[in-house]
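Engineer: no FASTA, just this:
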């Protein structure tokens, strides 16, 4: 079955420190992978996506993610975190069949200490 | 601007009442989706539609109903049969098929009193 696991429910980092959010997936074929960010009470905004090609993808707001097929992982990174990065982050895999559906992880809440 | 509009943003209802959440998109997307979000559970798919006049159940469709009479609109009704309807509801749209990327609305928070 297709699934996404985000092992860390909550992460706290200091402003200016580096960040890595983990994502592991289970998918039968070559996956399309996504990271979304959600501010409190808001919808989801796409940070970046991987479809094929270069396994290191760049996104908005200084984020990047690396696809590692051998580890079934798609971890999100940022070299220096800003207070405005505090939010909830969702990893997603898809599409499921030919439906366009995405399967989401449980989310990781990022808290940034001043 | 192109996007997805959900309304209302906040909604309160009494137990036993049905309520309908609106979702409209002007992105010319064929596919639309409703997800439910609860703390610590991520997003769970309620219903989706890949084309007008057709829709399929997602993982947690019980107690919900939808319609897709127009390409732009995909309203969700939370019926009195939904045992725990208090949640944050997110509507999304996409080109469907095997491209995968979804675009989300701002969400609607339903509270049952």
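Structural biologist: Here it is on my side, so go on. For clarity, every value in this text was computed on a predicted model and none was experimentally measured.

Engineer: can we go C-alpha only for contacts and neighbour counts from here?
Structural biologist: OK.

Engineer: list the contacts for residue B:101?
Structural biologist: Listed by Cα atoms under 8 Å, 6 or more residues apart in numbering or on different chains, the contact set of residue B:101 reads A:34, A:100, B:94-95.

Engineer: if we use 6 Å, what do you get?
Structural biologist: With contact set as Cα atoms under 6 Å, 6 or more residues apart in numbering or on different chains, residue B:101 has no partners.

Engineer: strand partners (parallel or antiparallel) of the lengthiest strand in chain A?
Structural biologist: If you go by DSSP state E, chain A has its longest strand at strand A:87-96. Neighbouring strands of strand A:87-96 in its sheet, by DSSP bridges, are strand A:32-38 (antiparallel), strand A:101-104 (antiparallel), strand A:108-113 (antiparallel).

Engineer: give me the average confidence score over it.
Structural biologist: Strand A:87-96 shows an average pLDDT of 90 in the prediction.

Engineer: so what touches it?
Structural biologist: Contacts for strand A:87-96 (Cα under 6 Å, 6+ apart): A:32-39, A:101-105, A:107-110, B:98, B:100.

Engineer: how far away from the center of its chain is stretch B:39-54?
Structural biologist: Chain-centre distance of stretch B:39-54: 6 Å, with Cα atoms, centre = their mean, to the nearest Å.

Engineer: mind listing what's buried along that stretch?
Structural biologist: Under the neighbour-count criterion of 16 or more other Cα atoms under 10 Å in any protein chain shown, stretch B:39-54 has B:42-52 buried.

Engineer: now do stretch A:31-39
Structural biologist: Neighbour-count burial for stretch A:31-39, counted by 16+ other Cα under 10 Å, picks out A:31-38.

Engineer: likewise stretch A:83-100?
Structural biologist: For stretch A:83-100, by 16+ other Cα under 10 Å, it's A:85-96, A:99-100.
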